[in-house]
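Participant: This is a predicted model, with the sequence first.
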Amino acid sequence: MSDNLLPTESNPAGLPENRAPAAAEPAWIIETHSLTKRFHHLTAVDGLTLAVSEGQVFGLLGPNGAGKTTLMKMLVTLLPPTSGTAIVAGYDLLGQPALVRRSIGYVPQLLSADGMLTGYENLLLFAQLYDLPRKDRAARIDQALASAGLQDAARRLVNTYSGGMIRRLEVVAAMLHRPPVLFLDEPTVGLDPVARHAIWRQIKGLVAEHGTTVVITTHLMEEADALCDRIAIMNAGRVCALGSVDELKAGMQVPGATLDDVFSHYSGAPTKTGEQFRDIATTRRSAARLG
Amino acid sequence: MTLPPLAAPRPDSADLLRVPAWSAWSFLLKTLAIVAMDLRKLRRDPTELLTRAIQPALWLMVFGQVFTHARAIPTGYLPYQDFMTPGILAQSVLFIAIFYGIAVIWERDLGIVHKLLVTPTPRTALVLGKGLSAGCRALSQAFIIYFLAWLLGVKLDWRPQAVAGVLIVVVLGAALFSTFSLIIACVVKTRERFMGIGQVLTMPLFFASNAIYPLAMMPWWLRAIAWGNPLTYEVDALRTMMLVNGVSEFGLTVDFLVLVGTTGILTGVGAWFYPRLAQ
C-alpha cells in the first residue's frame, strides 16, 4: 500500500495496516488513488489511497471537518477531485462518471425527499431517471415501498412524513436501480432511536438481500459498531486508522476498549465523558511504553 | 501502488447498467419526467398563480388605460392598449422566469439537486426540464392576460394557430429567461445574493425592449441594446400572433430562431454550470 496511508510514526498503537488483501478476500469495489481535494488553502481530502471490498459495510468516521463528506461527494461524482482518481464499481471516476452514476445510490446528509410530492411520486421520478423499464416500474416501486414499510403512506405528501419515514424512503429510492454500491452520508442524523434502528435494519437487509456494498459516514460509534464490517477513521483529510471494529479495539491494547476510545485516540478529541478521556490517557501511556 | 484486478460488475445489477438503446428518447423521457413532477407540485399549490395575476392586471388596467388616453406613445395604427398587451404578457412571463433561480437555490439547500445530479441523467435534460417547467408555469400568465385583454376590448386573434403560437412563444420565453436565472443561481448560490441580482436584471431587460414602447421611439444606444435583448424578439412574436392587426418587425422566423437559439445556448451553458450548485 502507498506510504500516505497509515504512516508508521502516526500509528503508535500498531494498528493493522491496510494491506493488499489475501487472495481469498473479495475484490475491491471502490479504490481511491491519491485522491485529493483542496478548497483554496484548505486541503479537505489529502492524497487518500483506500480500498473497499465488495459486499462490506464500510464506515467513515472522524471529527467534523475531517473530510468524510468531501470524500463521499467525490466518490459520487458531485465534486471533481483536485488530483488523484478513484475506481467505483469498476468504472473510472473521472473518465466514466455516467457509468459510475448508474452503479451507485446516494443519500445525502439532509432529508431531501421532495416534500411537495408523495412518496410514490418521489420513487417514480427516480425510477424514470434511472431508466427502469416502464413495465417493471410499478412492481419495483411497490416492492420498495413495502421494504420501507411505507405502503400506507405512499399517496401522502412527503412533507407529512416523519424524519425516519423520509430517510427510509430515500434509502429505497437510492436502491431502486439495484446499484452495487450505496453511499449514505450520516443516514441517521437527527433521528430518534427507534427510527435509527429501523434504518439499521434496512441497511442490514440490503446487504443481506442484494450483497450491496455500503459506504456510510457517521458520528455515532454505536452505529459504526452495529453496522460496519470495516472502519476508516479520518482526521484532517487523511485516514489515520483502518480496520474492522474488533481490530481497531484490539489495537488500543486496553482491555475493554470501546470504539469511542479508538475514535478519541485518533481524532484527538474525547467523544463523551471524562471517563473515556481517562481511558485514552491510559491508552496513550501504554502505547508509549510499548513503543 | 498495486491493487488486485477488479471484479466484473455484479450480474444482478447488469440489467440496470444497460444504457437505453435510443438515448435521445431517454433524454426526452427524463426531461419530461422533471417537467411532470414540477407540474404536480404546481397543481398542489396554485396560490402562486393567483398572486402572479395582480401585477399584469395593474399594468394593463392602470398604466395601459392612462397611456391609451394620453396618446403619448406613437404606436401607428394599433391603439396603445393593444400595442402593450403582448408586451405585458412578455413582461409577466419574464418576471416569473427571472426569479426561478430562487427555486433552484431552494432545491440545492434541500439536497434535491445533489440527488438529481447523482442519477445518470444528462445535465442538459435536468436543465431543460427545469426550463420547460418554468415555461408551463408561465402559461397561466397567458390565460390571465388573454382574459384581461378580452375584457378591455383588445382586438385579439382567436384563431387556434395564432393562440397556439402565442402559447409556444410564452413557453420558450419563460424557458429562456428561467435558464438564464438558473445560471445566475449556480454562480451566486445564495438566495440573498440572487434576490439582489434578480432585481437589478428585470427592469433593464424590460425597459430595454419593445414591450411598452416601439423601438422607433428609442435613442440609438437603447435601440442597439434592445436588438440584443431576446425579450424584444419574444414581444415581437407575441405582438404578431396575439393581435388581429399585429405586424412583425423582424419576421416570425427571425423571432423563433433567436428564441430557440438563445434557449439552446443557455441550456448548454446551464448544463455546464448546474453541477457547481452541489459543490
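Facilitator: Thanks, I have it.

Participant: What segments of the stretch 101-250 of chain A are helices?
Facilitator: With DSSP state H, counting those that start in this stretch as the criterion, the stretch 101-250 of chain A has helices at A:119-129, A:134-147, A:163-174, A:193-210, A:221-227, A:245-251.

Participant: Could you tell me the angle between the third one and helix A:134-147?
Facilitator: It refers to helix A:163-174. 150 degrees (axes from the mean of the first three to the mean of the last three CA atoms, to 10 degrees).

Participant: nearest spatial neighbour of B:Lys30, skipping sequence neighbours?
Facilitator: Distances taken as CB to CB, 6 or more residues apart in numbering or on different chains place B:Ala125 nearest to B:Lys30, at 4.5 Å, with adjacent residues excluded. C-beta here means a position set from N, CA and C on the backbone, and glycine is covered the same way.

Participant: For the closest residue to chain A within the stretch 151-279 of chain B, list the residues it contacts.
Facilitator: Nearest residue of the stretch 151-279 of chain B to chain A, counting by CB to the nearest CB: B:Ala278, 4.6 Å away. Applying CB atoms under 8 Å, 6 or more residues apart in numbering or on different chains to B:Ala278 gives the contacts A:73, A:78-79, B:108, B:113-114, B:117.

Participant: mind checking how far A:Phe183 is from A:Gln56?
Facilitator: 13 Å (CB to CB, to the nearest Å).

Participant: What parts of the stretch 101-250 of chain B come near chain A?
Facilitator: Within the stretch 101-250 of chain B, the positions near chain A by CB under 8 Å from any CB of the partner chain are B:110-112, B:114-121.

Participant: Just those residues: which are in helices?
Facilitator: Using DSSP state H, the subset of those located in helices is B:110, B:112, B:114-118.

Participant: what's around B:Val188, how many residues?
Facilitator: Each residue near B:Val188 was counted by other CB atoms under 10 Å in any protein chain shown, and the total is 17.

Participant: Next, give phi and psi for it.
Facilitator: Torsion angles at B:Val188 (phi, psi; degrees, to the nearest 10) stand at phi -90, psi -30.

Participant: unless I'm mixing things up, it is touching B:Val200, no?
Facilitator: No: when contacts are counted by CB atoms under 8 Å, B:Val188 is not listed as touching B:Val200 (11.7 Å).

Participant: before we move on, back to that, considering the helices of the stretch 101-250 of chain A, which stretch scores lowest in mean pLDDT?
Facilitator: The weakest mean pLDDT among these belongs to helix A:245-251, with a mean of 83.

Participant: Next, the buried residues of it.
Facilitator: Within helix A:245-251, the residues that count as buried by 16 or more other CB atoms under 10 Å in any protein chain shown are A:245, A:248-251.

Participant: for B:Thr262, what are its contacts?
Facilitator: Residues near B:Thr262 by CB under 8 Å, 6+ apart: B:176, B:230.

Participant: Among the buried residues of helix A:245-251, which one sits closest to A:Ala51?
Facilitator: Each of these was scored against A:Ala51 by CB to CB, and A:Leu248 proved nearest at 16.9 Å.

Participant: ok, now which ones touch the closest one?
Facilitator: With CB under 8 Å, 6+ apart, A:Leu248 has these contacts: A:15, A:231, A:233, A:241, A:259, A:262.

Participant: Most neighbours of all these, which one?
Facilitator: A:Val262 (30 neighbours).

Participant: That residue and chain B: what is the separation?
Facilitator: Look at A:Val262 and chain B: by CB to the nearest CB, to the nearest Å, they are 25 Å apart.

Participant: Pull the helix or strand hosting that residue out as PDB, backbone CA atoms only.
Facilitator: According to DSSP states H and E, A:Val262 maps onto helix A:259-267. Taking C-alpha atoms only, helix A:259-267 is exported to PDB below (Å, rounded to 0.1, in the frame of the first residue of the first chain):
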ATOM      1  CA  LEU A 259     -14.900   2.400  19.600                       C
ATOM      2  CA  ASP A 260     -15.300   5.700  21.400                       C
ATOM      3  CA  ASP A 261     -11.800   5.200  22.800                       C
ATOM      4  CA  VAL A 262     -10.500   4.400  19.300                       C
ATOM      5  CA  PHE A 263     -12.200   7.400  17.900                       C
ATOM      6  CA  SER A 264     -10.900   9.700  20.600                       C
ATOM      7  CA  HIS A 265      -7.400   8.300  20.200                       C
ATOM      8  CA  TYR A 266      -7.200   9.100  16.500                       C
ATOM      9  CA  SER A 267      -9.200  12.300  16.300                       C
END
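
Participant: Leaving out chain neighbours, which residue sits closest to A:Val88?
Facilitator: Excluding the flanking residues, the one nearest A:Val88 by CB to CB, 6+ apart is A:Val100, at 4.8 Å.

Participant: pretty sure A:Glu31 is in a strand, no?
Facilitator: Yes: assigned with DSSP: H, G, I helix; E, B strand; the rest coil, A:Glu31 falls within a strand.

Participant: Contacts only, for the most centrally placed residue in chain B.
Facilitator: Among the residues of chain B, the one closest to the centroid is B:Ala174, at 1.1 Å (CA atoms, centre = their mean). B:Ala174 makes contact with B:93, B:96-97, B:131, B:134-135, B:137-138 under the criterion CB under 8 Å, 6+ apart.

Participant: Nearest to chain A: which residue in chain B?
Facilitator: Chain A sits closest to B:Gly111 of chain B, with a gap of 3.1 Å, by CB to the nearest CB.

Participant: In this structure that residue contacts A:Tyr106, no?
Facilitator: No: with contact defined as CB under 8 Å, B:Gly111 does not reach A:Tyr106; the gap is 10.0 Å.

Participant: Show me which of these two is the more surrounded one.
Facilitator: Using other CB under 10 Å, the more surrounded residue of B:Gly111 and A:Tyr106 is A:Tyr106, with 27 against 20.

Participant: Can you give me the distance of that one to A:Thr70?
Facilitator: A:Tyr106 sits at a distance of 14 Å from A:Thr70 (criterion: CB to CB).

Participant: before we move on, back to that, residue contacts, the residue nearest to B:Lys30?
Facilitator: B:Ala125 makes contact with B:27, B:30-31, B:34, according to CB under 8 Å, 6+ apart.

Participant: Recalculate using a threshold of 7 Å.
Facilitator: Contacts for B:Ala125 (CB atoms under 7 Å, 6 or more residues apart in numbering or on different chains) come out as B:27, B:30-31.

Participant: Narrow these to those in helices?
Facilitator: Per DSSP H, these map to helices at B:27, B:30-31.

Participant: any idea which of these is closest to A:Tyr266?
Facilitator: In terms of CB to CB, no member of those lies closer to A:Tyr266 than B:Lys30, at 43.4 Å.

Participant: Confirm for me that that closest one is in contact with A:Ala127.
Facilitator: No: counting by CB atoms under 7 Å, B:Lys30 stays clear of A:Ala127, with 11.1 Å between them.

Participant: Looking at these two, which one has more neighbours?
Facilitator: More crowded of B:Lys30 and A:Ala127, by other CB under 10 Å: B:Lys30, with 26 against 22.

Participant: Could I get the pLDDT score of the more buried one?
Facilitator: Note for B:Lys30: predicted pLDDT of 93.

Participant: what's it in contact with, if anything?
Facilitator: Counting by CB under 7 Å, 6+ apart, B:Lys30 touches A:128-129, B:121, B:125.

Participant: same thing but 6 Å
Facilitator: By CB atoms under 6 Å, 6 or more residues apart in numbering or on different chains, the contact set of B:Lys30 is A:129, B:121, B:125.

Participant: so how far is A:Ala89 from it?
Facilitator: Distance, B:Lys30 to A:Ala89, by CB to CB: 22 Å.
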